[in-house]
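Trainee: I need the structure of the sequence given here:
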Amino acid sequence: MCINVYKIILLVCMCCVGICWISCSGNSDDSEQTEVILSVDKNTLTADGKDIITFTVMHAGIDVTADAIIRSVMDGQTLDGNTFSTSKAGTYAFEASYGNYVSKLVTVVASAAPGTPSKFVRRICAMEFTGTWCAMCPAGMTRLNYLISSSYEGIVYLMSFHVDGTSADPMTIEQSSILSRKFAISGYPSCVVDMREAMGLSENYIWGTERNVY
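Mentor: Residues are numbered from 1 along each chain as shown. Got it, this is the predicted structure:
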């Protein structure tokens, strides 16, 4: 009698295990059948506004791209269709929704287009050597200001250094004399660009001559 009871209990346990296994297996299949899958034909593109990537949305083995919604999770914007292009380099993430289902994220990387101009602007320092005693210096300053405003606005930054000459200059500072000697300034007005050799500012001076191109 006891043996029969043990057999019955063992049979019941085996049946329970089988039912649980079938139940779990069925849930896995259902999950796979109801999952929305977002895919892309390539994960990188060139940020030139022309290179395009194409998304596909699958549900239960069926292409539902036309009825799905694809959006950027960066800004929440919905794509108009199933393609994406950009002119801004960076990493972008997307998801798709179909009915009550939402896909896993898909990321794409947009690389800067070759030959994209750099935003870096090289600034230039122009140092004018002048003096209140110098009769030609006002004309030199006028010429410098004209050249800078006409061709180098926002690029060239001008500094004026006053030095003593035939008479004392009230705006002279010690650094003016030090720099004047360093660049061997022999005539006024003169200009030094980016701490290089001195150049004259006479009326015959032409900005950008071969000697003074920097």
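
Trainee: how about the strands in the chain?
Mentor: Secondary structure of the chain (DSSP state E): strands at 36-40, 44-47, 53-59, 62-63, 69-72, 83-84, 90-98, 101-102, 106-112, 124-130, 156-162, 190-193, 198-200.

Trainee: Go through those strands and pick out the most buried.
Mentor: Stretch with highest mean neighbour count among these: strand 190-193 (a mean of 22; mean count of other C-beta atoms under 10 Å). In this view, the C-beta of every residue, glycine as well, is placed from N, C-alpha and C.

Trainee: for that one, packing partners?
Mentor: Counting by 3 or more C-beta pairs under 8 Å, 6 or more residues apart in numbering; DSSP states H and E, the packing neighbours recorded for strand 190-193 are strand 124-130, strand 198-200.

Trainee: Can you show me the CA trace of that strand as CSV?
Mentor: Provided in CSV are the C-alpha atoms of strand 190-193 (Å, rounded to 0.1, in the frame of the first residue of the first chain):
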residue,chain,number,x,y,z
SER,A,190,56.3,100.6,-36.7
CYS,A,191,54.3,97.4,-36.2
VAL,A,192,55.1,93.9,-35.0
VAL,A,193,52.7,91.1,-35.8
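
Trainee: quick one, what contacts the residue nearest to Val121 when sequence neighbours are not counted?
Mentor: Excluding the flanking residues, the one nearest Val121 by C-beta to C-beta, 6 or more residues apart in numbering is Ile155, at 6.5 Å. By C-beta atoms under 8 Å, 6 or more residues apart in numbering, Ile155 lies in contact with Val121, Arg122, Arg123, Ile124.

Trainee: Around the second one, how many other residues sit close by?
Mentor: By the criterion of other C-beta atoms under 10 Å, Arg122 has 7 neighbours.

Trainee: got a list of what it touches?
Mentor: By C-beta under 8 Å, 6+ apart, the neighbours of Arg122 are Ile155.

Trainee: separation between it and Tyr146?
Mentor: 21 Å (C-beta to C-beta, to the nearest Å).

Trainee: Show me the shaky parts of this protein.
Mentor: For the chain, applying pLDDT under 70 flags the ranges 1-34, 116-118, 199-214.

Trainee: tell me the contacts of the residue most central in space within the chain?
Mentor: Of all residues in the chain, the one closest to the mean position by C-alpha atoms, centre = their mean is Ala89, 6.3 Å from it. Ala89 is in contact with Ala47, Ala110, Ser111, Ala112, counting by C-beta under 8 Å, 6+ apart.

Trainee: Determine which two of those residues are furthest apart.
Mentor: Set against one another by C-beta to C-beta, the contacts of Ala89 have their most distant pair in Ala110 and Ala112, with a gap of 8.1 Å.

Trainee: between these two, what contacts are shared?
Mentor: Shared contacts of Ala110 and Ala112, defined by C-beta under 8 Å, 6+ apart, comprise Ala47, Ala89.

Trainee: about what we covered before: for the strands of the chain, give me TSV that also has distance to Ser176.
Mentor: Output for the strands of the chain, formatted as TSV (distance: least, C-beta to C-beta, whole Å):
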stretch	distance to Ser176
strand 36-40	64
strand 44-47	49
strand 53-59	61
strand 62-63	77
strand 69-72	58
strand 83-84	60
strand 90-98	49
strand 101-102	70
strand 106-112	45
strand 124-130	7
strand 156-162	4
strand 190-193	12
strand 198-200	13
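
Trainee: Quick one: closest of these to Thr172.
Mentor: For these, proximity to Thr172 was assessed by C-beta to C-beta; strand 156-162 is nearest, at 4.9 Å.
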